[in-house]
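> just coords:
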């Protein structure tokens, strides 16, 4: 039993060193770590350290010269870095085909960046993250998601490879490195364009999801900074599965409330549903009301958002994906354990639904 445990430990440490050697900038013939150094580094016995070096020598990552020592083999630096991209997508039951294509852009842009930097890429379904061997042979992991559940957070903190989460807006403090869309920059630009008065009526419509509720709260904070009283603000929330029906019902039953109102939404999907509902009631976009979404789907392939001339806060997909990929490679190549939080600025894109000033 003890021998079996020692063998398993040797293989585990060998796997960690193999990853380091794979991207280390070492020339053939450079001295490798000694068994004594390895034993101190991993707090293991010297015989176990010898077992680790034997495993790596058999695999060709190291070679020995009798009387001289153990050295790096040139072949050890030829292995391509293996990057995993775990993507969390919303069920197609709730999204149109063009919106699903837009969501796919996130990991497609990241994968393109990695491949252009001579890395191999494997897409890992978010639902498979914690399955046995789902991360086998990966050197680093990029997680593209809108929210993290309570089980996944500790799992990602425990794995031994570098992890970066991007697109997420509200992570636990210092959980791990992440990038997020800074909605506040684009929302400030949108409100500056709308130039609201303290007597204007405001309606905020959001989904009941962590990312959407975060966007809702950003709208509320910026409106408060503009001096808008809560008495002039009406907030409505809906489950994701009910949003289309909810938006049509809301407009139909509260027509007077929407007349001459400024409508702000948590995302473009809600905004599109509201625009369609308001069209049915013969409200004129940008005249009988003004409306702004978040996501800029019109510029990322949504024909519906383009047709409806939806004004929106742009969340730059390619910039987000490439910045996440760059930072992951930096952490990997520099063996960095530093934690960081990076906000990607958003910007307002004016169109007919926000009115023409």
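That came through, no problem. All of these numbers come straight from a predicted model, not from anything done at the bench.

> Off-centre distance for stretch 134-148?
How far stretch 134-148 lies from its chain's middle: 10 Å, per C-alpha atoms, centre = their mean, to the nearest Å.

> Compute the first-to-last residue distance for that stretch.
18 Å (C-alpha to C-alpha, to the nearest Å).

> could you measure residue 39 against residue 51, distance?
11 Å (C-beta to C-beta, to the nearest Å). Every C-beta, even on glycine, is put in place using the N, C-alpha and C of the backbone.

> Equivalent analysis for residue 220, please.
Taking C-beta to C-beta, one finds residue 220 at 59 Å from residue 51.

> Same check on residue 291?
66 Å.

> neighbour-wise, which of those two wins?
Counted by other C-beta atoms under 10 Å, residue 291 and residue 51 do not tie: residue 291 has more neighbours, with 29 against 19.

> Phi, psi for the residue of the chain positioned farthest from its centre please.
For the chain, the largest distance from the centre (C-alpha atoms, centre = their mean) belongs to residue 67, which lies 51.1 Å off. Backbone geometry at residue 67, expressed as degrees, to the nearest 10, gives phi 90, psi -10.

> same question, residue 107
Dihedral pair for residue 107: phi -80, psi -20, per degrees, to the nearest 10.

> since we're on it, how many residues are nearby?
21.

> Make 424 the starting number, not 1.
Done: numbering now begins at 424, and the last item shifts to residue 530.

> Quick one: residues contacting it.
Counting by C-beta atoms under 8 Å, 6 or more residues apart in numbering, residue 530 touches 508, 510, 546, 567, 744.

> is it true that the third one touches residue 508?
Yes - under the criterion of C-beta atoms under 8 Å, residue 546 is in contact with residue 508, at a separation of 5.4 Å.

> Now for the two: what residues contact both?
Counting by C-beta under 8 Å, 6+ apart, the contacts common to residue 546 and residue 508 are 530, 534.

> Tell me which of the two has more neighbours.
Set residue 546 next to residue 508 and count neighbours by other C-beta under 10 Å: residue 508 wins out with 24 against 14.

> Please tell me how far the more buried one sits from residue 633.
21 Å.

> Ok, residue 645 next?
For residue 645, the distance to residue 633 - C-beta to C-beta - is 19 Å.

> Show me what stretch 458-473 is in contact with.
For stretch 458-473, the external contacting residues (C-beta under 8 Å, 6+ apart) are 429, 432, 433, 436, 456, 475, 476.

> Checking my notes, the second one in a helix, right?
What it means is residue 432. Yes - assessed with DSSP: H, G, I helix; E, B strand; the rest coil, residue 432 lies in a helix.

> what about the strands in the stretch 574-723 of the chain?
586-589, 600-605, 624-630, 656-661, 684-688, 713-718 (DSSP state E, counting those that start in this stretch).

> would you turn those strands into CSV with distance to residue 572 and mean pLDDT?
Formatted as CSV, the strands of the stretch 574-723 of the chain follow (distance: least, C-beta to C-beta, whole Å; pLDDT from 0 to 100):
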stretch, distance to residue 572, mean pLDDT
strand 586-589, 12, 90
strand 600-605, 15, 90
strand 624-630, 17, 97
strand 656-661, 20, 96
strand 684-688, 25, 98
strand 713-718, 23, 97
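
> So which of those is nearest residue 550?
When these are ranked by distance to residue 550, counting by C-beta to C-beta, first place goes to strand 586-589 at 16.1 Å.

> partners of the closest one in the sheet?
Looking at strand 586-589 with DSSP bridges, its partner strands are strand 563-567 (parallel), strand 600-605 (parallel).

> Is there a neighbour count for the nearest residue to residue 644 once chain neighbours are set aside? I'd like the number.
Closest residue to residue 644 apart from its sequence neighbours, by C-beta to C-beta, 6 or more residues apart in numbering: residue 607 at 7.7 Å. For residue 607, the count of nearby residues is 17 (other C-beta under 10 Å).

> And residue 730, by the same measure?
Count around residue 730 with other C-beta under 10 Å applied: 11.

> got it, and residue 747?
Neighbour tally, residue 747, other C-beta under 10 Å: 27.

> Same check on residue 492?
Around residue 492 there are 11 residues (other C-beta under 10 Å).

> repeat for residue 454
Neighbour tally, residue 454, other C-beta under 10 Å: 11.

> how far away is it from residue 477?
Distance of residue 454 to residue 477, given as C-beta to C-beta: 17 Å.

> now residue 468
Residue 468 sits 14 Å away from residue 477 when distances are taken as C-beta to C-beta.

> can you pull the contacts of residue 567?
508, 509, 510, 511, 529, 530, 533, 589, 590, 744, 747.

> can we see that at 6 Å?
With contact taken as C-beta atoms under 6 Å, 6 or more residues apart in numbering, residue 567 is in contact with 510, 529, 530, 590.

> okay, those residues in CSV with distance to residue 560 next?
Compiled in CSV, the contacts of residue 567 are given as follows (distance: C-beta to C-beta, whole Å):
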residue, distance to residue 560
510, 19
529, 23
530, 19
590, 25
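
> Thanks a lot, catch you later.
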